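1. Here is my input, please return the structure:
(4 chains)
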There are 2 protein chains.
Amino acid sequence: MSSMQLGQDERLPLYQRLRDEIAARIAAGDWLPGGVIPTEAELTKTYGIATGTVRKAVDELVNDGLLQRRQGRGTFVRRPNFDSSFMRFFRQETKNSEGVREVPEGRVLALRSEKPSGDVRDALSLAAGEKVIHMERQRLANGRVLFHEDIWLPESRFSTLMTIELSAFDNLLYPFYEEVCEQRIASAHEELVVDVADEKVAGQLCISAGQPIVVIERLASGYDKTPLEYRISRGSADTFRYQIDIA
Amino acid sequence: MSSMQLGQDERLPLYQRLRDEIAARIAAGDWLPGGVIPTEAELTKTYGIATGTVRKAVDELVNDGLLQRRQGRGTFVRRPNFDSSFMRFFRQETKNSEGVREVPEGRVLALRSEKPSGDVRDALSLAAGEKVIHMERQRLANGRVLFHEDIWLPESRFSTLMTIELSAFDNLLYPFYEEVCEQRIASAHEELVVDVADEKVAGQLCISAGQPIVVIERLASGYDKTPLEYRISRGSADTFRYQIDIA
DNA sequence: GAGTGGTCTAGACCACATG
DNA sequence: ATGTGGTCTAGACCACTCA
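-> Numbering: from 1, shown residues only, chains lettered A, B, ... in the order given. Down below sits the predicted model:
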């Protein structure tokens, strides 16, 4: 036949069905982060729909941050960069010579397989009895601890991590997950609360107990919305400044 | 002539010029918040451009939150509702019987005309010597103080406020500004930091000195981007929880 | 039933990137 | 020179709202 079928509910608009189809292909790994998807002309032919309709489908995915257009080159599956993460708003005076913000150094302190607590099991939607990998990690800038992280990953998908030496971990974990475990993070949800440091956290952050801290809880998911990583980050509140624009 | 001219730089795409034209008409007060703008068919005729182009211009303004489409009725100038404001994330157990969140009560404590501090003058971009109205205000839920606000307004635009009794102020200030002073807020920028309460703030919030607080700085502007209101809100940190989605 | 926005077509031509 | 996305046209028909 001359045109592929677009699945889904027949009552949905064409552009929504194509949008979901593209998202599904990315989730399935047919089109990988950093790679191109078929050209708009190809999509019109493949599915037998007009250019305007294809553009509207792609527009929506670009708005959602899943795709990225580059004129003259093609449309690419975007690697999320998490520019708006709370974590980026711990003030770090570390800029390189050109004034560009540097990625703070990441240092893995511990890595172990364990039975998840109820909170962790719920967050990652784990089956009963499923184990997790628990990573403890520091983020440092200029040798000073910016924040301390506890990270939990489902062992079923990340078991190869356990074979890695602690010093071999990269500053950026998500590309590392992709390389080592073939698990791709697509999006995340974060919650921020303020707390005061207890003795343990105070020691980790080199501050006094009772000082205010910022606690960031992150659940990161793959392109198919499966929860892949649960993370709690704690940093001293006095280095934190967050901003938004609203309308 | 059969079609109005779209101003601006000839090199810009038509849809961008139309978008800016519509935004300018709203800023100028030709089309008021809550009211309709001309239909898409009218816009195509007025400016002599195709429907798809008009739709793209309107699409962008809808995405920016300036316009709102209602199928079968028309396209309206949106009143900003500030749903994503940090202020909405002070946990308040106040819900009405249907579980809908209620607007916390606002109580104006003081209102005076004064010479602005350097910070306030900078934030509002005031000319030298220009005076401000300083309002102190509490937000309460269930009789408990949620947060305390200091609000500064340029006296030149808001002088009629000084003639109002403190008890006559509404819970929502922005519709009140519109009614009393004909000043319309379109958008805002907010910054959040954590601090600890000093004696004065502790008294205002009924907490102990040294407890962590959340400090929210807001600069609100009109449809023409003029800064209209500068506000600092302080609330106890233990009732605050903020969340975002990132990609 | 008249009028609104929502979806979709089947193109044309332009601007940009790359070999 | 070729192929990509970016802009724009001139409609048609559908879905919804309201008098």
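2. Show me the domain layout of chain A.
-> A:14-77, A:86-239 (automatic domain parsing).
3. How about stretch A:185-199 and chain B, any contact?
-> Yes: Stretch A:185-199 is in contact with chain B by Cβ under 8 Å from any Cβ of the partner chain, via A:Ala186, A:Ser187, A:Ala188, A:His189, A:Glu190, A:Glu191, A:Leu192, A:Val193, A:Val194, A:Asp195, A:Val196. Where C-beta positions appear, they are placed from N, C-alpha and C, glycine not excepted.
4. Please list the residues of chain A that sit near DNA strand C.
-> A:13-16, A:48-53, A:56, A:70-73 (Cβ under 7 Å from any atom of the strand).
5. go again using 6 Å as the cut-off
-> Neighbours of DNA strand C within chain A, by Cβ under 6 Å from any atom of the strand: A:Pro13, A:Leu14, A:Tyr15, A:Ile49, A:Ala50, A:Thr51, A:Gly52, A:Thr53, A:Gln71, A:Gly72, A:Arg73.
6. so who does A:Asp224 touch?
-> Listed by Cβ atoms under 8 Å, 6 or more residues apart in numbering or on different chains, the contact partners of A:Asp224 are A:Ala27, A:Ala28.
7. need the residues of chain A near chain B, please.
-> So chain A meets chain B at A:52, A:63-66, A:80, A:82-86, A:186-196, A:212, A:214, A:237-238, A:240-247 (Cβ under 8 Å from any Cβ).
8. same for DNA strand D: which of the residues you listed are within range?
-> Applying Cβ under 6 Å from any atom of the strand to those, those adjacent to DNA strand D are A:Gly52.
9. Please indicate which of the residues of chain A next to chain B are buried?
-> The neighbour count (16 or more other Cβ atoms under 10 Å in any protein chain shown) marks A:65-66, A:80, A:82, A:84-86, A:186-188, A:190-194, A:196, A:212, A:214, A:237-238, A:240, A:242, A:244, A:246 as buried among the residues of chain A next to chain B.
10. show me where pLDDT drops low in chain A?
-> A:1-3, A:8, A:92-101 (pLDDT under 70).
11. neighbours around A:Gly129, how many?
-> 8 (other Cβ atoms under 10 Å in any protein chain shown).
12. swap that for A:Glu10, please
-> Around A:Glu10 there are 7 residues (other Cβ under 10 Å).
13. wait, is it part of a helix?
-> No: per DSSP: H, G, I helix; E, B strand; the rest coil, A:Glu10 lies outside any helix segment and is coil.
14. in chain A, which spans are strands?
-> A:36-37, A:67-70, A:74-77, A:105-114, A:132-141, A:144-154, A:185-196, A:212-222, A:227-236, A:241-246 (DSSP state E).
15. Tell me which of the ones you listed approaches B:Val201 most closely.
-> strand A:212-222 (13.7 Å; Cβ to Cβ).
16. Need the CA coordinates for that closest one. PDB is fine.
-> Output of strand A:212-222 as PDB, limited to C-alpha atoms (Å, rounded to 0.1, in the frame of the first residue of the first chain):
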ATOM      1  CA  PRO A 212      18.500  25.500  56.600                       C
ATOM      2  CA  ILE A 213      18.900  23.200  53.700                       C
ATOM      3  CA  VAL A 214      17.100  22.700  50.400                       C
ATOM      4  CA  VAL A 215      15.900  19.200  49.700                       C
ATOM      5  CA  ILE A 216      15.200  18.300  46.000                       C
ATOM      6  CA  GLU A 217      13.400  15.100  45.200                       C
ATOM      7  CA  ARG A 218      13.700  14.000  41.600                       C
ATOM      8  CA  LEU A 219      12.000  11.200  39.700                       C
ATOM      9  CA  ALA A 220      13.500  10.800  36.200                       C
ATOM     10  CA  SER A 221      11.800   8.700  33.500                       C
ATOM     11  CA  GLY A 222      12.500   7.200  30.100                       C
END
